[in-house]
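> What follows is a predicted structure for the sequence shown.
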Amino acid sequence: MSATIRNQQGSDPLLDSEGPGARALGPRRDSVAAGGVGGPGDVALAAVNFHILSACDARCDFCFATFPGVRGRLAAPDARRLITLLRAHGAEKLTFAGGEPTLHPDLEGYLRHAKGEGLVTGVVTNGSRLQPLLARAADAIDWVALSVDSASEATQRALGRGGGDHVARAVRLSDLCRAAGVRLKVNTVVTSLTWEEDLTELLRRLAPERWKLFQVLRVEGQNDGRVERLLISREQFSAFVARHARLAEAGVTLVPEDNDAITDSYVMIDPLGRLYGDTGGIHRVGPSVLEAGVDAALAAVGFQPEKLRARGGLYDWAPPRRHLPILAGRPTRPPRAGGGYPPG
Ligand code: SF4
């Protein structure tokens, strides 16, 4: 298997995606990658994040999915109708996010509905309630994106994610995902508390297929007033990425996204079913997709399809599953006293 690092300067990630799966791409996705079918809307909706609720059981100071002005969420029949509509407009991959999506009582039903529509499914989670979801619905989940920012339990707690056992739990969950045949990503937000850390051993143990690295981002109305102490420069972010480049040799695809790459390159749907995008550090919210229709909602947000491609947002998400060996090769052990993941 090839090992790659993607960045915003990288080549088209679909056309040069890894392994035999690249040859398995259907005609439609080849066309989307080449920009040859439909128009920007096809590319925009190829991969969509649906934030199904705003509630979360963590309090990350960098969180920019807090939805402070959003009250409530779509009723389940409307959410399912929305999923069907997205599929009809070219969606291929639907990732359920939050808040913490595993807190949503209908998540399993949404996953099954999405699978029934032929979508590749994903769940972005802090892991707190992932285990019971895997037990019930692993067959409806293609990808899990586990959020882990530090190898130190103390640092993880200082960031607001987890109560002191987050890292150890993530290791356990990575094993459960593998056992259940669910493909694994890790999402890491790089901050002032972590940019000098070396997470190589932890990532070798978690062994995700993809590791998404985000430069902590200030988003007005979402995390301003809390995130400032955590901000880092682009150079500090680059240093963190460079320190981990060797993980590519172990088959982990690194996907670094600095602030510029994140801006205008995601199409997201909020808990009320409205399309929104990040435009220069502020969320631009469009109308309800169910009420206004997909095209009108897309026109209202500042999405740039070329930035989606450039950040590696279109990749080979549905090849035959491959599981990396657990490179550390040892059973999970509890963290050391005082936090920290035990290397090896
Ligand atoms: S776990 Fe995710 S949704 Fe919850 S507070 Fe942290 S970043 Fe936000």
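Right, received. Where do you want to start? Given the structure is predicted, the values throughout are model-derived calculations rather than measurements.
> When you work out contacts or count neighbours from here on, use the C-alpha atoms and nothing else.
OK.
> Quick one: residues contacting the spatially closest residue to residue 274 that is not a sequence neighbour.
Spatial nearest neighbour of residue 274, excluding adjacent residues (Cα to Cα, 6 or more residues apart in numbering): residue 288 at 4.1 Å. By Cα atoms under 8 Å, 6 or more residues apart in numbering, the contact set of residue 288 is 272-275, 297.
> Is the residue of the chain found nearest the ligand in a helix, a strand, or coil?
Nearest residue of the chain to the ligand, counting by Cα to the nearest ligand atom: residue 99, 3.7 Å away. Using DSSP: H, G, I helix; E, B strand; the rest coil, the structure places residue 99 in coil.
> name the helices or strands packed onto the longest helix seen in the chain?
Longest helix in the chain by number of residues, with DSSP state H as the criterion: helix 166-180. Applying 3 or more Cα pairs under 8 Å, 6 or more residues apart in numbering; DSSP states H and E, one finds that helix 166-180 makes contact with helix 130-137, helix 153-159, strand 183-190, helix 200-206.
> got the residues of the stretch 101-250 of the chain near the ligand?
Contacts of the stretch 101-250 of the chain with the ligand, taken as Cα under 6 Å from any ligand atom, map to 126, 161.
> Count the residues that sit near the spatially closest residue to residue 74 that is not a sequence neighbour.
With Cα to Cα, 6+ apart as the criterion, residue 74 has its nearest non-adjacent residue at 5.2 Å, and that residue is residue 272. Residue 272 is flanked by 23 other residues according to other Cα atoms under 10 Å.
> Over to residue 272. Which of the three states is it?
Going by three-state DSSP: residue 272 is coil.
> which residues touch it?
Here residue 272 is in contact with 52, 70, 72-74, 288 (Cα under 8 Å, 6+ apart).
> Out of those residues, who's the most crowded?
Counting by other Cα under 10 Å, top hit in those: residue 52 with 29 neighbours.
> What pLDDT does the model give that one?
With respect to pLDDT, residue 52 scores 98.
> May I have the phi/psi pair for it?
Residue 52 adopts backbone torsions of phi -80, psi -20, taken as degrees, to the nearest 10.
> show me the contacts for it.
73-74, 96-99, 101, 104, 269-272.
> What is the nearest of those residues to residue 155?
Ranked by distance to residue 155 (Cα to Cα), these are led by residue 99 at 20.8 Å.
> just the helices in this protein please.
In the chain, the helices defined using DSSP H lie at 27-33, 40-44, 76-88, 107-116, 130-137, 153-159, 166-180, 200-206, 234-243, 259-262, 289-292, 294-300, 305-310.
> Now mean pLDDT and mean neighbour count too, for the ones you listed, in CSV please.
Below are those laid out as CSV (pLDDT from 0 to 100; neighbours: other Cα atoms under 10 Å):
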stretch, mean pLDDT, mean neighbour count
helix 27-33, 38, 16
helix 40-44, 57, 22
helix 76-88, 96, 17
helix 107-116, 98, 19
helix 130-137, 97, 15
helix 153-159, 96, 21
helix 166-180, 97, 20
helix 200-206, 97, 22
helix 234-243, 97, 16
helix 259-262, 74, 19
helix 289-292, 94, 15
helix 294-300, 84, 17
helix 305-310, 66, 21
